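Engineer: I would like to see how this sequence folds:
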Amino acid sequence: IDASKGVEAQTRKLFKVCAMRGIPIFTFINKMDRDANDTFDLLDEIEKELGMATCPVNWPIGSGKRFKGVYDRNKRAVMTFSDTQKGTREGHTDVLPIDEEDKLREFIGDEACDTLLEEIELIDGAAAEFDIDKVQSGKLSPVFFGSALTNFGVEMFLKYFLEMTTTPLARKADTGIINPTEREFSAFVFKIQANMNKAHRDRIAFMRICSGKFDAGMEVKHVQGGRVMRLSQPQQMMADERHIVSEAYAGDIIGVFDPGVFSIGDTICMPNETFMYEGIPTFAPEHFARVRQMDTMKRKQFVKGINQIAQEGAIQIFQEIGSGMEEIIVGVVGVLQFEVLKYRLENEYNVDIKLETLPYEHIRWIENKDEVDVMKLTGTSDMKRIQDLKGNPLLLFINSWSVGMVLERNEGLKLTEFGRN
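Structural biologist: Purely as a prediction, here's the structure:
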C-alpha cells in the first residue's frame, strides 16, 4: 500500500478476492521514504477496507526526509535507515535496543524519539494482539512499513512472512478437498505468458503443484482438454534466468511449454484420476474500449493475438451479442493496459488497431444465466448487453446506481462483480 495514497481501487478488489477465498493478507506499507499519511490513519483505513483487525509488526520512525527507520515490536529494537541510492547498493542497518534511550536520542534526535515512545505506548495498548491462527485464517493482517525503492524493510518483511506463512495447504476441487501430501501429483494453471522469447514465439503455462511429486517425463492428464500428455520443458525462473527441472513438489511453481492447449484455471492430475480445482475469480474491468483492426487482411493475426493476450489474463474480451470478432470490446483494470495491448499487437503480431474508449465503468456477470433471458431483461438507458468468448452473458453500466435499479426491475436476477476462470 502506498503510504501517501492509502488503499486504492485495485487494492480493494484484491481484498475482496482474498476475503472470498479466505486467503491470509500480509500488508506492506511502502514508500515511507516519501511524505506519508498519518500512520494511525493508514491503519484505520486498512481496517475499514479489509473488515479485519491489523497488527503492526514494526512501526515507522517519521517519513520522507525525516524517515529514520522502523521499530521492531517483537525484538523491541530500532532498525535504522541508511541511504541505498535508490536501491542500487546494500544499505547499512544499525540495531538499537529501545531501552537504550540515550543512544537512540543521539541517533534519531529528541523529537523523533519522543514521538516514537509515545506511539509505542499507544499501539501496545490499542493494537490487536498478534495471533498466528487468526493471521492464517484471514482474520488478522500483520502490517509492515518500509521502502521498496531504497530496499529498506523488504528483507525484514520477507523473513517474518516465512515465519508466519504455512506449508502448502489443501485445495478445494469438485470432488472434495485435495490434501497436498496424501494425494498423487496434481497442479493448477494460474498464468499464461506468450512470447517470453520473441524469437521462438514460445508460450509458457505456469502451474502451482497442489499435491504429490512431479517428475519430468511423467504422463499426466489435462482435465479440461480430456487428454493424457507429457509436460514439455518443465522449468523454473528467477528474474531473467530459467533452468530445466527434473522434479518438483507441492507448493512449487513450474512453467511448461504450452502449444496452445492450456488456459488459466485448468487442472492437471494423474491419468487414473479426474477432478477439477476451483477456478480463480476474475477481476471486474473498469475501463472499456471498442477495438478494430486497421487492415482487414490481417484478421487471422488479429484474432490470434487478441485471444493469446486475453488468455494471459492481461485483458478481457467481450462481444456484442450476435456479433463476430471483427469488432470486439476489450475490458481492462487499468488504462495503461490499453497501451500494452496496442504495443504488443503491433510488435508481436504485426497488427495495427484503433481503440475507441467507451463510457462504461461497471460490469456484472449474470450468476443465474440459465434462469433468465438476457434479451428480455428490463434495463436502464445506460445498460449494454454483451457476452464473453465462452458465451456467458454480461451487463455493462455507465452508472453504479443502474446496477441496483436493474436488480429491482428484474425479480430473481442475480448479478456478481466477479467472473471465474
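Engineer: Tell me the secondary structure of V228, please.
Structural biologist: strand (DSSP: H, G, I helix; E, B strand; the rest coil).
Engineer: check contacts around it.
Structural biologist: E219, V220, K221, H222, P271 (C-beta atoms under 8 Å, 6 or more residues apart in numbering). (C-beta placed from N, C-alpha, C; glycine too.)
Engineer: do the same with A289
Structural biologist: Contacts for A289 (C-beta under 8 Å, 6+ apart) come out as I329, V330, F338, L355, E356, T357, L358.
Engineer: Give the next helix or strand downstream of the longest helix along the chain.
Structural biologist: Identified as the longest helix of the chain according to DSSP state H is helix 110-126. Scanning forward in sequence from helix 110-126 by DSSP states H and E, the next helix or strand is helix 132-136.
Engineer: Show me the shaky parts of this protein.
Structural biologist: Of all residues in the chain, those with pLDDT under 70 make up the ranges 83-92, 196-201, 239, 324-326, 420-421.
Engineer: Give the other helices and strands that whatever helix or strand F161 lives in contacts.
Structural biologist: Element membership for F161 (DSSP H and E) is helix 154-164. Contacts defined by 3 or more C-beta pairs under 8 Å, 6 or more residues apart in numbering; DSSP states H and E place helix 154-164 against helix 132-136, strand 140-145.
Engineer: Same question for the next helix or strand along the chain from that helix: list its buried residues.
Structural biologist: Using DSSP H and E, the helix or strand that directly follows helix 154-164 along the chain is strand 171-173. For strand 171-173, the neighbour count (16 or more other C-beta atoms under 10 Å) marks R171, A173 as buried.
Engineer: Just list what strand 171-173 packs against, helices and strands only.
Structural biologist: Secondary-structure packing of strand 171-173 (3+ C-beta pairs under 8 Å, 6+ apart): strand 176-178.
Engineer: got TSV for the helices and strands packed on helix 154-164, with mean neighbour count and distance to P180 too?
Structural biologist: Below are the helices and strands packed on helix 154-164 laid out as TSV (neighbours: other C-beta atoms under 10 Å; distance: least, C-beta to C-beta, whole Å):
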stretch	mean neighbour count	distance to P180
helix 132-136	15	15
strand 140-145	24	24
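Engineer: mind putting the ones you listed in a markdown table, distance to V7 included?
Structural biologist: A markdown table is the format used below for the helices and strands packed on helix 154-164 (distance: least, C-beta to C-beta, whole Å):
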| stretch | distance to V7 |
| --- | --- |
| helix 132-136 | 19 |
| strand 140-145 | 12 |
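Engineer: closest to P234 out of those?
Structural biologist: Of all these, helix 132-136 sits nearest to P234, with 30.0 Å by C-beta to C-beta.
Engineer: What helix or strand is the residue of the chain most remote from its centre located in?
Structural biologist: Residue distances from the centre of the chain (C-alpha atoms, centre = their mean) peak at D102, which lies 44.4 Å from the mean C-alpha position. Under the criterion of DSSP H and E, D102 resides in helix 101-108.
Engineer: what about dumping the CA coordinates of that helix to PDB?
Structural biologist: Below are the C-alpha coordinates for helix 101-108, written out as PDB (Å, rounded to 0.1, in the frame of the first residue of the first chain):
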ATOM      1  CA  GLU A 101      17.200   5.700  25.200                       C
ATOM      2  CA  ASP A 102      20.400   7.900  25.300                       C
ATOM      3  CA  LYS A 103      21.900   6.200  22.200                       C
ATOM      4  CA  LEU A 104      18.500   6.300  20.500                       C
ATOM      5  CA  ARG A 105      18.200  10.000  21.100                       C
ATOM      6  CA  GLU A 106      21.700  10.600  19.800                       C
ATOM      7  CA  PHE A 107      21.000   8.800  16.600                       C
ATOM      8  CA  ILE A 108      17.400   9.800  15.700                       C
END
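Engineer: now it and helix 110-126, what's the angle there?
Structural biologist: 120 degrees (axes from the mean of the first three to the mean of the last three C-alpha atoms, to 10 degrees).
Engineer: same for the longest helix of the chain, what does it pack against?
Structural biologist: Using 3+ C-beta pairs under 8 Å, 6+ apart, the elements in contact with helix 110-126 are strand 58-61, helix 101-108.
Engineer: Kindly reformat these as a markdown table containing distance to E247.
Structural biologist: Formatted as a markdown table, the helices and strands packed on helix 110-126 follow (distance: least, C-beta to C-beta, whole Å):
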| stretch | distance to E247 |
| --- | --- |
| strand 58-61 | 38 |
| helix 101-108 | 49 |
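Engineer: Deepest-packed of those, please.
Structural biologist: For the helices and strands packed on helix 110-126, the largest average neighbour count (mean count of other C-beta atoms under 10 Å) is found in strand 58-61, namely a mean of 24.
Engineer: Give the partner strands of the following helix or strand past that one in its sheet and their orientations.
Structural biologist: The helix or strand immediately downstream of strand 58-61 is strand 69-72, counting by DSSP H and E. Under the criterion DSSP bridges, strand 69-72 sits next to strand 58-61 (antiparallel), strand 77-80 (antiparallel) in its sheet.
Engineer: Switch the ones you listed over to a markdown table; also include distance to V17.
Structural biologist: Converted to a markdown table, these look like this (distance: least, C-beta to C-beta, whole Å):
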| stretch | distance to V17 |
| --- | --- |
| strand 58-61 | 26 |
| strand 77-80 | 32 |
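Engineer: thinking again about what came up before, kindly provide the distance from the residue farthest from the centre of the chain to G109.
Structural biologist: D102 is 13 Å from G109, where distance means C-beta to C-beta, to the nearest Å.
Engineer: Now for Q337, how many residues are close by?
Structural biologist: For Q337, the neighbour count with other C-beta atoms under 10 Å is 18.
Engineer: How are the helices of the chain distributed by residue range?
Structural biologist: Counting by DSSP H, the helices of the chain are 9-21, 39-50, 101-108, 110-126, 132-136, 154-164, 299-311, 336-348, 401-409.
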